[in-house]
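Enquirer: need a 3D model of the following:
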Amino acid sequence: GDVVVIENPGYAPAWQAFEFAGADLVPVSIDSDGILVGEIEDVLKKREIKAVYITPHHQFPTTVSLSIQRRYELIKLSNQYGFYIIEDDYDHEFHFAARPIFPLGSLSNFENYVYIGTMSKIVAPALRIGYLYCSNTDFISKVSSLRKVIDVQGDTMMEQAVLGLIQDGTIKRHLRRVTAKYAEKRDFFETLLTEHLVEKIEFQKPNGGLAFWLKPKKQSDIFKLAKQLENKGIIILTPDKYSFNEPIMGLRLGFASLSEQKLELGVKTIASLLD
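Expert: Alright, predicted model coming up:
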């Protein structure tokens, strides 16, 4: 019955986790500066909020970053009303600008905060090792206890191996190399979109992350498009995978795992089928 505010569009697997725990989800809209804090204030006028779940670095699926002004506004509300901000920083390491945007927790006077990260994007998707920080140490103890119910020991050998890679600098060197490669691939993908889809879609070149967010310039049936692409061996996420109720029309296209040839084939195919 506790209220958890979520981004809409947003990351549905997290929504499912909250709902499984009995939360009542309240969606809040996203614009070019991230989650609309004004809408959260409107919710607070009617209901008590237990937590706000956000992906502020590269919002999923739109890739936008939460503006610094809204970060301060959200922290002020959190401190005033006592709700927790849960920051899912799933791809913080992949930023292509000169200076990264630091997590909300780096800002001062923050009272109620949970930070979540993962090694899966850094090393390999099959590596199911994550981490969290919380301003409340009792919360960490409770999480640890529940985690032991699921898996008493964890993959100790893998965890020790990853720790070794962190301590000897291998992870840091790996990140420097792959970030440079991802930046090149992002630029190549932007060129493809500009060449083949600029008349049909709108997009902003992301400063980080591993995906683009495309918005059709006119009403398009993305579900039909997805089916046509699937018949050609190309898979995309349909809007229902990241929309809370009514489908929010847009395409999140990842570029990191595909070769330049496959990226080009995919973009050209989308261009030929999109209205």
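Enquirer: and the longest strand along the chain, which residues are buried?
Expert: In the chain, taking DSSP state E as the definition, the longest strand is strand 24-31. Within strand 24-31, the residues that count as buried by 16 or more other Cβ atoms under 10 Å are 25-28, 30. C-beta coordinates here come from the backbone N, C-alpha and C atoms, glycine included.
Enquirer: packing partners of it?
Expert: Applying 3 or more Cβ pairs under 8 Å, 6 or more residues apart in numbering; DSSP states H and E, one finds that strand 24-31 contacts strand 3-8, helix 12-20, helix 37-44.
Enquirer: starting at the chain centroid, how far to that strand?
Expert: Its chain's C-alpha centre and that of strand 24-31 lie 15 Å apart, by Cα atoms, centre = their mean, to the nearest Å.
Enquirer: quick one: average pLDDT of it?
Expert: Strand 24-31 shows a mean pLDDT of 98.
Enquirer: low-confidence stretches in the stretch 151-275 of the chain?
Expert: The stretch 151-275 of the chain contains no residues with pLDDT under 70.
Enquirer: pairing partners for the longest strand of the chain, with directions?
Expert: strand 3-8 (parallel), strand 34-35 (antiparallel) (DSSP bridges).
Enquirer: most tightly packed of the ones you listed?
Expert: Mean neighbour count, computed with mean count of other Cβ atoms under 10 Å, is highest for strand 34-35 among the strands paired with strand 24-31, reaching a mean of 24.
Enquirer: now tell me what touches that strand from outside.
Expert: Strand 34-35 has contacts (Cβ atoms under 8 Å, 6 or more residues apart in numbering) with 7, 28-29, 52, 54, 56, 59, 64-67, 70, 74.
Enquirer: and stretch 12-19, by the same measure?
Expert: Stretch 12-19 is contacted from outside by 4, 6, 25, 53, 88, 241-242, 244, using Cβ under 8 Å, 6+ apart.
Enquirer: repeat the analysis, applying 10 Å as the threshold.
Expert: Stretch 12-19 is contacted by residues 2, 4, 6-8, 11, 23-25, 27, 50-51, 53, 55, 60-61, 86, 88, 90, 116, 237, 240-244 when judged by Cβ atoms under 10 Å, 6 or more residues apart in numbering.
Enquirer: residues of the helix or strand Thr269 falls within that come out buried?
Expert: Using DSSP states H and E, Thr269 sits within helix 260-273. Buried residues in helix 260-273, defined by neighbour count with 16+ other Cβ under 10 Å: 263-267, 269-271, 273.
Enquirer: as JSON lines, those with distance to Val123 would be great.
Expert: Supplementary listing: those in JSON lines, determined by distance: Cβ to Cβ, whole Å:
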{"residue": "Leu263", "distance to Val123": "23"}
{"residue": "Glu264", "distance to Val123": "28"}
{"residue": "Leu265", "distance to Val123": "28"}
{"residue": "Gly266", "distance to Val123": "25"}
{"residue": "Val267", "distance to Val123": "28"}
{"residue": "Thr269", "distance to Val123": "31"}
{"residue": "Ile270", "distance to Val123": "30"}
{"residue": "Ala271", "distance to Val123": "34"}
{"residue": "Leu273", "distance to Val123": "35"}
